[in-house]
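# can't give you the sequence, but here's the structure:
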């Protein structure tokens, strides 16, 4: 996980709060960090997948001249 992606993990007070909560629900703090990292990574993958799809639409679109200002996906 990128440092600072989740402010609570990046601050001593936040880590303490998370650790206390994790103790109450019997979840190791490291497991919570891995779960949050998975969610962040998945969101990044979804953004990239959407971005590349738009790139494919733009690159695959027929060239109709310099006046074509249409952006696929922005109808």
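Cool, the structure landed. Predicted model, so just to flag it, every value in this text is computed and none were measured.
# could I get the average pLDDT for the helix or strand containing residue 56?
In this structure, residue 56 sits in helix 29-60 according to DSSP states H and E. This predicted structure assigns helix 29-60 an average pLDDT of 76.
# swap in stretch 11-20?
Model confidence over stretch 11-20, given as mean pLDDT, is 93.
# now do the buried residues in it.
With burial defined by 16 or more other CB atoms under 10 Å, the residues of stretch 11-20 counted as buried are residue 18. For the C-beta atoms, the positions are set from N, CA and C on the backbone; glycine is no exception.
# do stretch 24-41 as well
For stretch 24-41, the neighbour count (16+ other CB under 10 Å) marks 32-33, 36 as buried.
# now those residues in JSON lines, with distance to residue 22?
Listed next are those as JSON lines, based on distance: CB to CB, whole Å:
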{"residue": "32", "distance to residue 22": "6"}
{"residue": "33", "distance to residue 22": "10"}
{"residue": "36", "distance to residue 22": "12"}
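# what is the nearest of the residues you listed to residue 53?
residue 36 (26.3 Å; CB to CB).
# touching, the closest one and residue 7? I think so.
No - contact criterion CB atoms under 8 Å: residue 36 and residue 7 do not qualify, at 11.6 Å.
# what residues are up against residue 22?
Contacts for residue 22 (CB atoms under 8 Å, 6 or more residues apart in numbering) come out as 28-29, 31-32.
# try it again at 7 Å.
Going by CB atoms under 7 Å, 6 or more residues apart in numbering, residue 22 touches 28-29, 32.
# go on, residue 32?
Under the criterion of CB under 7 Å, 6+ apart, the neighbours of residue 32 are 18, 22.
# going forward, begin numbering at 42 instead of 1
Shifting the count to begin at 42 puts that one at residue 73.
# now residue 49. Nearest residue, chain neighbours left out?
Excluding the flanking residues, the one nearest residue 49 by CB to CB, 6 or more residues apart in numbering is residue 55, at 3.3 Å.
# do you know how far the one you found is from residue 81?
Here residue 55 is placed at a distance of 16 Å from residue 81 (CB to CB, to the nearest Å).
# re the thing from before, and of the contacts of residue 63, the nearest to residue 103?
When these are ranked by distance to residue 103 (CB to CB), residue 73 comes first, at 49.6 Å.
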